[in-house]
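**Student:** Dropping a prediction and its sequence here:
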Amino acid sequence: MKYLIDFAVLALLYVFVFCRKWKIKGNDVLLVNTVMYIYLSFVLYFTLMPVIKSVPFILNHPYVPMNLVPFIDVSEGNGDFVGQVVLNIVMTIPFGFLLPLTRNRTVEFGRTVFSCLLMSLGIELLQPLINDFRSSDITDLITNVAGGIIGYVFYVIFRPVTFRILDHLTKRSCA
């Protein structure tokens, strides 16, 4: 229930802003951008939500700075570090795959990695600000970027098939 406001805002943004803008550019753009929007909404759900409900309480707890020792959980054997590493990699694979598709299929490797780094850094810096039960970690940043790189490699490998499918869907919907 506490996520309902955030999802309502995301849905309204999609319907009244993004969907209209993307639909004008064609069905392939609408499809790819909608998939990316849904993906990013889930990333927000798992990493930052509830956002709107937390805003009034942002200053009610101390900001805990990012842990800057990479893989400290691994070296100290804390928690389920392998699961966390795998989840952080898996979480950003779709970003590395979808970003080039949302940008007219021309995004280079470096730009994809940099965009993934910025997204991950934003999440890591905002997590402890939005609520006091989340922390940020350099390991998450490293593993998220690794996931973006893997996603981009998948994009390069499956690019011909992906473009064929998108072209087929566009021709089919225009007929």
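**Tutor:** Perfect, thanks for sending it. Just so it is clear, the model here is predicted, and its values are computed rather than measured.
**Student:** who does the lowest-mean-pLDDT helix or strand in the chain touch, helix- and strand-wise?
**Tutor:** Using mean pLDDT, DSSP states H and E, helix 72-76 stands out as the lowest-scoring helix or strand of the chain, at a mean of 79. The contact analysis (3 or more CB pairs under 8 Å, 6 or more residues apart in numbering; DSSP states H and E) places helix 72-76 against helix 81-102, helix 138-174. The way it works is simple: take the backbone N, C-alpha and C, and place the C-beta from them, glycine included.
**Student:** for the longest one, what is the average pLDDT?
**Tutor:** Looking back up the chat, that one is helix 138-174. The average pLDDT for helix 138-174 rounds to 88.
**Student:** Check which residues of it are buried.
**Tutor:** By 16 or more other CB atoms under 10 Å, the buried positions in helix 138-174 come out as 138-152, 155, 162, 166, 170.
**Student:** pLDDT score assigned to the spatially most central residue of the chain?
**Tutor:** For the chain, residue 40 is the residue whose C-alpha lies nearest the centre (CA atoms, centre = their mean; 4.4 Å). On pLDDT, residue 40 comes in at 97.
**Student:** Just the element for it, please.
**Tutor:** Here residue 40, judged by DSSP states H and E, is contained in helix 27-47.
**Student:** Right, I'll call it a day here.
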